[in-house]
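Participant: Just to be clear, the model below is a prediction. Sequence and coordinates:
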Amino acid sequence: MPPTGDQLDGSKAAALVKEKIKAHTLMVFSKSYCPYCIRLKELFKTLNLEFEALELDLISGGSEIQHALHELSGQKTVPNVYIKGKHIGGSDDVTALHRDNKLLPLLEESHDFQYDVIVIGGGSGGLSAAKEAAALGRRVAVCDFVKPSPAGTTWGLGGTCVNVGCIPKKLMHHAALLGHHLKDAREYGWNVDSETVKHNWQTLKTAVQDHIGGLNWGYRVQLRDNNVKYLNAYAQFLSSNTVKTVNKRGKEEVITAQKFIIATGLRPRILDIPGSEFVITSDDLFSLSYCPGKTLCVGASYISLECGGFLAGIGLDVTVMVRSILLRGFDQQCAELIGKYMGNNGVKFQRHCVPTKIEKLKSSTEDTPGLYRVTSKSTDGNEHVEEYNTILMAIGREACTDDLGLETVGVLLDSKSKKLIGSEAEQTNIAHVYGIGDVLQDKPELTPVAIQAGRLLSRRLFGGQKELTDYSNIATTVFTPLEYGCIGLSEEEALAKYGAEDLEVYHSHFTPLEWTVPHREENACYAKLICVKSLKEKVVGFHILGDQAGEITQGFSVAMRCGATKADFDATIGIHPTSAEIFTTLDITKSSGKNALKTGC
Ligand code: FAD
Ligand code: NDP
């Protein structure tokens, strides 16, 4: 029943108004037909705000209440809004507060901490969360500090992606592609003299590092422009709302916040074998002062294959040492096709083998690599010895949670991975501590994932929104340098989930038109759609191996999010002549056993 204003005199109406204002954090005196009131209540609903509305036109005594409101607030009209007992005003006043990101902070519990949120880690996830929280009007600090790698490399603001990950990797990948294009160019009529075409590592390294330097600076400016306090310091919890920060000069500062977002990412793992002090990791490679020369890449996942791929692409002698399979977790047919292509393009593979000992024969200098003897052991028990100039260890990455002081706060970690265990809303077991990006358990370790999670988390914490990060169907690409893009399930995962009977796999090898003139290998590229029969052939796995697979895959990921079926792919008219058009004409099923090699266009 609505409260009644029956027989309200002036003093009773005033008492009722005061009682309502006191009882409800967000109180709206409204009229049910008033468009301003309707719009304002809609805004509150969109922001998921709890509010009490008293519709003055639906109760008797409404005009006495409106009069009492006028006496109390000086405002004659509705809507008339009070927050925590304080008069805010009408529709325009509340809308302006919201526009300036000041409405939600008024409704939150007040606290005496220095910051509303401290973000630990200034990488892809941390920066995105910090900027969003600041844009929503919160007091934000970001602590970012890079501990030098064992080989002594360090870098600036922006985290792994910018400094020692996606960005330098993609630029060096492009350097490798240019090498291929230079070879192709001759067949296309360019007079490229093979004697004068040589790659220069120093030029590449300097150009890449200059670009990164610009990005580091840009991030600092963005934080300053967004009023985010940036501390280039290592953060460690002292108690539940307090962290100690230590900068590179050892200066300590203690800061407090109501909430914390941990986005400390991962660092490369190093194998504990004699001589492991002589190896480098991806943390060192992109800024190496000398050309790595003959290189051994240990590990067979993303990082090893990508680095091995571009090093071979710029003309170096590269061996990849594989303990078990290529690209664990990926579609194994595609992984093997990548291996075959890399093998045909100069990369050597040492399969079923792990290094056991490294000996230094010659130290590296500023401009020349060293020389190392690597002993390795195969699963068949055989020992191998080989000399390399550089050993790149790419055997996985470890969570940076060891000395964060999380035990002081009681935050739970996964016992094996040491990653944070979070809810679907990225909240840890400690309510005011959240985790995003690579450091969060069971999430794809990818930059756009960290960015999206950071942005949406801040919107939920400070913007009254509810949207969760959707971790499904995330597209990714491996740049080896032949690109492999995929979305959704591998064939192995699809088989485990749906069973062979319920799957139809459409596939085709292909040769990009541009490869024909320079006579590059035929049918090295491959397209595959994995469809579920009982779901009207919904596509649950998309795989492409070929030029520009990253660009192609990004577009198709929208179709996958929309639940595209094989019929949708078939009904789509292709763009000719492109590689991507193959997905509109896939008609060979694996179950038919027909040859999937392609001839002609
Ligand atoms: P990070 O970017 O790692 O940031 C964490 C930051 O926190 C770091 O700066 C760290 O120094 C700092 N930190 C740690 N502890 C503390 C502390 N206690 N106090 C203060 N600061 C601290 N992803 C893609 O999507 N595409 C790619 O092509 C791609 N290529 C990659 C290539 C390589 C070689 C590597 C290594 C990774 C690649 N990734 C790629 C993965 C991508 O880089 C990561 O997923 C992404 O950077 C994760 O972001 P993050 O914010 O979780 O952590
Ligand atoms: P992964 O953990 O994915 O792979 C580690 C590799 O090292 C595996 O091949 C593993 O072999 C091997 N390995 C592990 N331990 C040993 C050992 N003791 N001896 C020999 N080999 C060993 O790590 P990555 O570092 O490649 O990648 C980390 C993450 O970074 C990825 O999950 C990815 O999300 C992200 N990334 C994304 C990229 C992109 O989007 N293009 C590019 C690069 C990285 P085994 O299979 O036998 O266990």
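Facilitator: Arrived safely, thanks for sending. Ligands and ions are numbered 1, 2, ... in the order given.
Participant: residues near the residue in the stretch 251-400 of the chain that ligand 1 sits nearest to, how many?
Facilitator: Nearest residue of the stretch 251-400 of the chain to ligand 1 (Cβ to the nearest ligand atom) works out as G265 at 2.3 Å. No exception for glycine: its C-beta is placed from N, CA and C like everyone else's. G265: 24 surrounding residues under other Cβ atoms under 10 Å.
Participant: Who's the closest spatial neighbour of it, skipping the chain neighbours?
Facilitator: Spatially, and ignoring its direct neighbours in sequence, G265 is nearest to D438 (4.7 Å; Cβ to Cβ, 6 or more residues apart in numbering).
Participant: Might you report the residue contacts of that neighbour?
Facilitator: 123, 125, 160, 265-266, 397, 399, 445, 450 (Cβ atoms under 8 Å, 6 or more residues apart in numbering).
Participant: circling back to that earlier point, would you confirm that the residue of the stretch 251-400 of the chain closest to ligand 1 contacts L404?
Facilitator: No. Between G265 and L404 there is no contact under Cβ atoms under 8 Å: 11.7 Å.
Participant: per-residue confidence at R459?
Facilitator: Here the pLDDT value assigned to R459 is 97.
Participant: got any ranges where the stretch 451-600 of the chain has weak pLDDT?
Facilitator: Within the stretch 451-600 of the chain, the stretches with pLDDT under 70 are 600.
Participant: ranges for the helices of it?
Facilitator: Secondary structure of the stretch 451-600 of the chain (DSSP state H, counting those that start in this stretch): helices at 491-498, 513-516, 549-561, 566-571.
Participant: And the stretch 201-350 of the chain, by the same measure?
Facilitator: If DSSP H, counting those that start in this stretch is used as the criterion, the helices of the stretch 201-350 of the chain fall at 201-225, 282-285, 302-313, 332-344.
Participant: Just name the most buried of these.
Facilitator: Of all the helices of the stretch 201-350 of the chain, helix 302-313 carries the top mean neighbour count, a mean of 26, counting by mean count of other Cβ atoms under 10 Å.
Participant: quick one: it to helix 332-344, angle?
Facilitator: On the basis of axes from the mean of the first three to the mean of the last three Cα atoms, to 10 degrees, helix 302-313 is oriented at 30 degrees to helix 332-344.
Participant: Just give me how far helix 302-313 sits from the chain centre.
Facilitator: Chain-centre distance of helix 302-313: 21 Å, with Cα atoms, centre = their mean, to the nearest Å.
Participant: wait, does it make contact with ligand 2?
Facilitator: Yes. Counting by Cβ under 6 Å from any ligand atom, ligand 2 has neighbours in helix 302-313: 302-304, 306.
Participant: What is the nearest of the contacts of D438 to Q465?
Facilitator: Q465 lies nearest to G125 out of the contacts of D438, by Cβ to Cβ, at 17.6 Å.
Participant: is it true that the closest one touches A263?
Facilitator: Yes. Between G125 and A263 there is a contact at 3.9 Å, judged by Cβ under 8 Å.
Participant: between those two, what contacts are shared?
Facilitator: 436-437, 450, 454.
Participant: Can you turn the buried part of those into a PyMOL selection?
Facilitator: Provided next is the PyMOL selection string for whichever of these are buried by 16 or more other Cβ atoms under 10 Å:
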select buried, resi 436+437+450+454
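Participant: Which member of the shared contacts of G125 and A263 is positioned nearest G189?
Facilitator: Looking across these and measuring by Cβ to Cβ, the closest to G189 is A450, at 44.8 Å.
Participant: My guess is that closest one contacts G123. True?
Facilitator: Yes. Applying Cβ under 8 Å, one finds A450 in contact with G123, separated by 6.9 Å.
Participant: Common neighbours of the two, please.
Facilitator: By Cβ under 8 Å, 6+ apart, the residues touching both A450 and G123 are 263, 437-438.
Participant: Let me know whether G339 touches L326 as I believe.
Facilitator: Yes. G339 lies in contact with L326 (Cβ under 8 Å); the separation is 5.0 Å.
Participant: How about the residues of the chain by ligand 1?
Facilitator: So the chain meets ligand 1 at 120-126, 143-146, 159-161, 165-166, 169, 234-235, 263-265, 282, 303, 400, 404, 437-439, 445-448, 450 (Cβ under 6 Å from any ligand atom).
Participant: ok, residues contacting the one helix or strand H174 maps to?
Facilitator: According to DSSP states H and E, H174 maps onto helix 166-187. Residues outside helix 166-187 that contact it (Cβ under 8 Å, 6+ apart): 161, 192, 197, 199, 204, 207-209, 211-212, 215, 282, 286-287, 306-307, 309-310, 312-315, 447, 479, 481, 514, 517-520.
Participant: Tell me how many other residues surround S534.
Facilitator: Number of residues near S534 (other Cβ under 10 Å) recorded here: 11.
Participant: Check the one 5 residues further on too.
Facilitator: A count of nearby residues for V539, using other Cβ under 10 Å, gives 25.
Participant: Kindly report the same for the one 3 residues further on.
Facilitator: The burial metric for F542, expressed as a neighbour count using other Cβ under 10 Å, is 25.
Participant: wait, doesn't it sit right on L529?
Facilitator: Yes. Between F542 and L529 there is a contact at 6.1 Å, judged by Cβ under 8 Å.
Participant: anything in contact with each of those two?
Facilitator: Joint contacts of F542 and L529 (Cβ under 8 Å, 6+ apart) are F583.
Participant: Does the nearest residue to P148 once chain neighbours are set aside fall in a helix, a strand, or a coil region?
Facilitator: With sequence-adjacent residues excluded and distances taken as Cβ to Cβ, 6+ apart, P148 is closest to T154, at 4.6 Å. Look at T154: counting by DSSP: H, G, I helix; E, B strand; the rest coil, its state is coil.
Participant: what pLDDT does T154 get?
Facilitator: On pLDDT, T154 comes in at 98.
Participant: got the contact list for it?
Facilitator: 146-148.
Participant: rerun at 10 Å
Facilitator: Contacts for T154 (Cβ atoms under 10 Å, 6 or more residues apart in numbering) come out as 145-148, 163-164, 248, 283, 287.
Participant: Also T477?
Facilitator: The neighbours of T477, taking Cβ under 10 Å, 6+ apart as the test, are 170, 302, 306, 446, 483-487, 544, 548-554.
Participant: ok, now with 8 Å
Facilitator: T477 touches 483-486, 549-550, 553, counting by Cβ under 8 Å, 6+ apart.
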